[in-house]
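**Q** I'll drop the sequence and a predicted model, then ask my questions.
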Amino acid sequence: MSASFTLVDHPLIQHKLTILRRTDTPTALFRQLLREIAFVLGCEVTKDLPLGEIEIDTPLERGFFPYLDGKKLCFVSILRAGNGLIDGLLDLVPSARVGHIGMYRDPETLHPVQYYFKTPAALEERLVVMVDPMLATANTAIAAATRLKEKGARKMKFMCLLAAPEGVAAFSKAHPDIPIVCAALDRELNDHGYILPGLGDAGDRMYGTKD
């Protein structure tokens, strides 16, 4: 496994993820669990944010204390399923900026097709965290990361719920400078590029759009 891959095996995350995997988990609960897991994963993703010092008054004395330094970080959702993780991250970092990349996977080629791109300014000065529940073939994540780098992003991370070994290998080969933070590494991909055992299509389950 790549040295840039971090598996967050916190018991609460694993418990909530098992409920997400269940076929009979209702849409409302699925959304809520995504938000809760994203919050905990966000603690891992942001653990190395740079700190400066600020002088403040406590009720008892004046002193210097840690304070986030530099430009506000940027969360980038890979639409549409990535939106399910954004709220949990914003619960953790309410001042963060948010970008969106609209991509879908062509069902025949499994290659990504971009249809939307909107990000905050000054990406080169921010930590940019891409989010998508699934890292399957990694084709979409690779294309999104490439597009963000073209836009100026220099320091990036990728956060997901589930990953397949094939996806981790492909993404790490294409972008070895981007760490992956993940809640579970599943067994493999099937012939249609879905993660096994997985949890199905995260977007359909989050929005209730499955036929």
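**A** Received the coordinates, thanks.

**Q** mind checking how far K72 is from E150?
**A** In this view, K72 and E150 are 21 Å apart by C-beta to C-beta, to the nearest Å. For the C-beta atoms, the positions are set from N, CA and C on the backbone; glycine is no exception.

**Q** so for these two, which sits in the more crowded spot?
**A** With neighbours defined as other C-beta atoms under 10 Å, K72 and E150 compare such that K72 has more, 14 against 10.

**Q** OK, contacts around the more buried one?
**A** Each residue near K72 by C-beta atoms under 8 Å, 6 or more residues apart in numbering is listed here: 95-97, 126.

**Q** just the buried residues of these.
**A** Buried residues within these, defined by neighbour count using 16 or more other C-beta atoms under 10 Å: 96-97, 126.

**Q** among those residues, which lie within strands?
**A** Among the buried ones among the contacts of K72, the ones falling in strands (DSSP state E) are R97.

**Q** dump stretch 12-23 to CSV, restricted to CA.
**A** Only the C-alpha atoms of stretch 12-23 are listed here, as CSV (Å, rounded to 0.1, in the frame of the first residue of the first chain):
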residue,chain,number,x,y,z
LEU,A,12,-17.1,5.0,15.7
ILE,A,13,-16.3,5.4,12.0
GLN,A,14,-16.3,1.6,11.4
HIS,A,15,-19.6,1.2,13.3
LYS,A,16,-21.3,4.0,11.3
LEU,A,17,-19.8,2.7,8.0
THR,A,18,-21.3,-0.8,8.7
ILE,A,19,-24.8,0.9,9.0
LEU,A,20,-24.1,2.7,5.7
ARG,A,21,-23.4,-0.5,3.9
ARG,A,22,-26.7,-2.1,4.9
THR,A,23,-29.2,-2.4,2.1
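
**Q** do a quick rundown of the strands in the chain.
**A** Under DSSP E, the chain gives strands at 5-7, 51-57, 62-68, 74-79, 97-105, 112-118, 127-131, 134-135, 155-163, 180-185, 188-189, 195-196.

**Q** tilt between the lengthiest helix in the chain and strand 127-131?
**A** For the chain, the helix reaching the highest residue count under DSSP state H is reported as helix 27-45. Per axes from the mean of the first three to the mean of the last three C-alpha atoms, to 10 degrees, the angle that helix 27-45 makes with strand 127-131 is 150 degrees.

**Q** many thanks, we can stop here.
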